[in-house]
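> test case, fold it:
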Amino acid sequence: MVNNKKIFKNTIVLYFRMLLLMAISLYTSRLFLSILGVEDYGIYNIVGSIIVLFSFINNALSSATRRFINAELGKNDISSTRRVFSICITTHIFIAFLIILLGESVGLYILNSYLNIPVDRMYAANWVYQFSIAGACVGILGSPLEAVIIAYERMNIYAYISIAEAIAKLLILYILYVSPLDKLIVYSFAILIVNLLISGIKYIYCIKSFPICKYTFFFNAKIYQPFLFFSGWSLLGQIAYVASTTGVNMIINNFCGVVINASIGIARQVNNVVYNCVSGFQSAFNPQLIQTYSSDNLTDHKLLLSRASKISYFLLFICSFPVLINIQYLLKLWLDVVPPHTATLCKLMIISSMIEAFGVPIWMSMQAIGKVKFYQIIISIINALNVPLTYIALRIGSQVEIVFVINVIIGFCILTFRILYVLPKIKYGLVSYLQTTLLPAILVTIIHSIIMLLICNFMSSDNNTIYFVSTSIISLLLSLFLIICCGITKSERVILLTVMKSKIKHRK
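Below is the predicted model of the structure:
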């Protein structure tokens, strides 16, 4: 049965986390850019992307870890879940060694022979790279622990750990100010220390709190097979995803240099802050999406999928629209120096994320099903198209913005495939999904956008602050009105009113 109360509670906790992290992230990013400078900030982003290039294996395993732990918890089998946890730890240890091997061979070659980095900063770039490898290994070993925390829906602990990590990064600012050493190297080393401390906290908490977190090494091919099979096909998807992000970033670096990488890094920072508006909600929903399917409760599973897709999109839309129409003002308010192309890249990334937000719950449903072979092959092919299309676009002299227009189009193609392929697997009628989920979102978007564009044309933008505040308030109120009137179903309105009434009575 869908636990709406637990989802609501976890969403509130994660939103508190999101607001605090958003404030800290915006503040620290501005100061880091100011302290490091545009060039070093770009170097940090492009060097870090090499590690991401090899971390795709861990991403595939992390996806499998979350899926199998949630599935076993849905079956209420502690011994089986403990066995799955041990399998996850063993495979993550192996992957950490593999990342070191690839990083110290292929990765070093890419760094020193392919990337477009100023000669006088290659020494610092190599130190950053070594610290990044160590940090990646720490993250890999801690990934199963985070999966367990989320699977048990301990979102308050997840939030506290994330907040502690953000506060620790604030302290790094002070270290950068007082340190006489190379600031890029100091920053990379400090980030590594923070990652070590946070992983240590996760380890201590999980060992003391969850009975499944008892590691035992064993090897049985039959037991490992389902996990590795799922991971193998997820690995294919991760290779395509990394190619479409990190690979594209390296191609852009080769054609455009580190300044444009700095622009992309800032745009991704803005996009991540905006996407945090929905990531907490999705984290609260995801465990129950997998557990309802694992317990053969398709009715609740389809209900969760519809609500998660629609509400994910609406939450992101509410947060995104004021940013989209005021991005130039916000960037100038936030940064001392705004690198070229940043504003347009921010808009395109946010639009891409809005499409992705709608599709993530469908992907989680596919993970719950588990039979991902054909799905991953098609998704990987579509995603990988980013690489050749990016190269062709830049080769013929296109602006960097075209690369991210391509990314938006590919994102739409992926969403279309997810809807057409996954819904029949859970016996969810396409017409029903369109009527209750997709069309209301499209209707709200079109009506809201037309009204807001008309309002913006009649408003004076002489005072940017007043214009930003007034358009944001109008956009928020209009979004809420349209969502309540034509974005949600009658039963969902009843649930919303019931929750609001209970909160009012509680306060009285």
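> drop to CA atoms for contacts and neighbour counts, all remaining ones
Noted.
> tell me the contacts of residue 146?
Applying Cα atoms under 8 Å, 6 or more residues apart in numbering, we find residue 146 in contact with 158, 202.
> any idea how far the host helix or strand of it is from the middle of the chain?
In the assignment (DSSP states H and E), residue 146 maps to helix 122-151. The chain centroid and the centroid of helix 122-151 are separated by 16 Å under Cα atoms, centre = their mean, to the nearest Å.
> quick check: mean pLDDT across stretch 416-436?
Here stretch 416-436 scores 88 as its mean pLDDT.
> kindly report the same for stretch 371-379.
83.
> cool, stretch 87-103 as well?
Per-residue pLDDT values over stretch 87-103 give a mean of 83.
> mind listing what's buried along it?
87, 88, 89, 90, 91, 92, 95, 96, 98, 99, 100, 103 (16 or more other Cα atoms under 10 Å).
> so what's residue 271 up against?
346, 349, 350, 353.
> which positions within whichever strand or helix holds it qualify as buried?
Element membership of residue 271, judged by DSSP H and E, is helix 258-294. Applying a neighbour-count criterion of 16+ other Cα under 10 Å, the buried positions in helix 258-294 are 258-294.
> about what we covered before: what about the contacts of residue 271, which one has the most neighbours?
By neighbour count, taken as other Cα atoms under 10 Å, the most surrounded of those turns out to be residue 346 (27 neighbours).
> circling back: pull the CA atoms of the next helix or strand after the helix holding residue 146 into CSV?
Sequence-wise, the next helix or strand downstream of helix 122-151 (DSSP H and E) is helix 155-178. What follows is the C-alpha trace of helix 155-178 in CSV, where atoms were taken according to Å, rounded to 0.1, in the frame of the first residue of the first chain:
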residue,chain,number,x,y,z
MET,A,155,15.9,10.7,4.7
ASN,A,156,16.6,12.8,7.8
ILE,A,157,20.0,11.1,8.2
TYR,A,158,20.6,11.4,4.4
ALA,A,159,19.8,15.1,4.8
TYR,A,160,22.0,15.6,7.9
ILE,A,161,25.0,14.0,6.2
SER,A,162,24.5,16.1,3.0
ILE,A,163,24.3,19.3,5.1
ALA,A,164,27.4,18.4,7.1
GLU,A,165,29.2,17.9,3.8
ALA,A,166,28.1,21.3,2.5
ILE,A,167,29.2,23.0,5.7
ALA,A,168,32.6,21.3,5.5
LYS,A,169,33.0,22.8,2.0
LEU,A,170,32.3,26.2,3.5
LEU,A,171,35.3,25.7,5.7
ILE,A,172,37.4,25.0,2.6
LEU,A,173,36.8,28.7,1.6
TYR,A,174,38.7,29.9,4.7
ILE,A,175,41.5,27.4,4.0
LEU,A,176,41.8,28.8,0.4
TYR,A,177,42.0,32.4,1.7
VAL,A,178,44.8,31.7,4.2
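> could I get the average pLDDT for helix 155-178?
The average pLDDT for helix 155-178 rounds to 77.
> start the count at 28, not 1, going forward
Noted, 28 is the first residue going forward, which turns the last one into helix 182-205.
> and it, what does it pack onto?
Here helix 182-205 is seen to pack against helix 31-81, helix 149-178, helix 210-236 when contacts are counted using 3 or more Cα pairs under 8 Å, 6 or more residues apart in numbering; DSSP states H and E.
> quick one: the second one to helix 285-321, angle?
Read it as helix 149-178. When axes from the mean of the first three to the mean of the last three Cα atoms, to 10 degrees is applied, the directions of helix 149-178 and helix 285-321 differ by 20 degrees.
> where do the helices sit along the stretch 428-535 of the chain?
Under the criterion DSSP state H, counting those that start in this stretch, helices of the stretch 428-535 of the chain are mapped to 457-460, 466-485, 491-509, 517-534.
> what's around residue 136, how many residues?
The number of residues packed around residue 136, counting by other Cα under 10 Å, is 12.
> I'd like to know how far it sits from residue 153.
The spacing between residue 136 and residue 153, counted by Cα to Cα, to the nearest Å, is 11 Å.
> pretty sure residue 225 sits against residue 188.
Yes. With the criterion set as Cα atoms under 8 Å, residue 225 and residue 188 qualify as a contacting pair; they are 7.0 Å apart.
> pull the helix or strand with minimum mean pLDDT from this protein.
Across the helices and strands of the chain, the lowest-confidence element by mean pLDDT, DSSP states H and E is helix 517-534, at a mean of 58.
> can you give me the neighbour number for the closest residue to residue 302 other than its chain neighbours?
Spatial nearest neighbour of residue 302, excluding adjacent residues (Cα to Cα, 6 or more residues apart in numbering): residue 343 at 6.5 Å. Neighbour count of residue 343, defined by other Cα under 10 Å: 23.
> would you mind giving the buried residues of stretch 114-130 as JSON lines with secondary structure and distance to residue 333 added?
Supplementary listing: the buried residues of stretch 114-130 in JSON lines, determined by DSSP: H, G, I helix; E, B strand; the rest coil; distance: Cα to Cα, whole Å:
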{"residue": "114", "secondary structure": "helix", "distance to residue 333": "33"}
{"residue": "115", "secondary structure": "helix", "distance to residue 333": "30"}
{"residue": "116", "secondary structure": "helix", "distance to residue 333": "33"}
{"residue": "117", "secondary structure": "helix", "distance to residue 333": "36"}
{"residue": "118", "secondary structure": "helix", "distance to residue 333": "34"}
{"residue": "119", "secondary structure": "helix", "distance to residue 333": "33"}
{"residue": "122", "secondary structure": "helix", "distance to residue 333": "35"}
{"residue": "123", "secondary structure": "helix", "distance to residue 333": "37"}
{"residue": "125", "secondary structure": "helix", "distance to residue 333": "39"}
{"residue": "126", "secondary structure": "helix", "distance to residue 333": "38"}
{"residue": "127", "secondary structure": "helix", "distance to residue 333": "41"}
{"residue": "130", "secondary structure": "helix", "distance to residue 333": "41"}
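> identify the residues contacting residue 349.
In this structure, residue 349 makes contact with 495, 498, 499, 502, judged by Cα under 8 Å, 6+ apart.
> now it: which helix or strand?
Counting by DSSP H and E, the element that carries residue 349 is helix 325-352.
> and the next helix or strand past that helix?
Following helix 325-352 in sequence, per DSSP H and E, is helix 354-361.
> which other helices and strands does that next one contact?
For helix 354-361, the packing partners by 3+ Cα pairs under 8 Å, 6+ apart come out as helix 369-396.
> buried ones in the very next helix or strand once past the helix it packs on?
For helix 369-396, the following helix or strand on the C-terminal side (DSSP H and E) is helix 400-411. Taking 16+ other Cα under 10 Å as the basis for neighbour counts, the residues of helix 400-411 that come out buried are 402, 403, 406, 407, 409, 410, 411.
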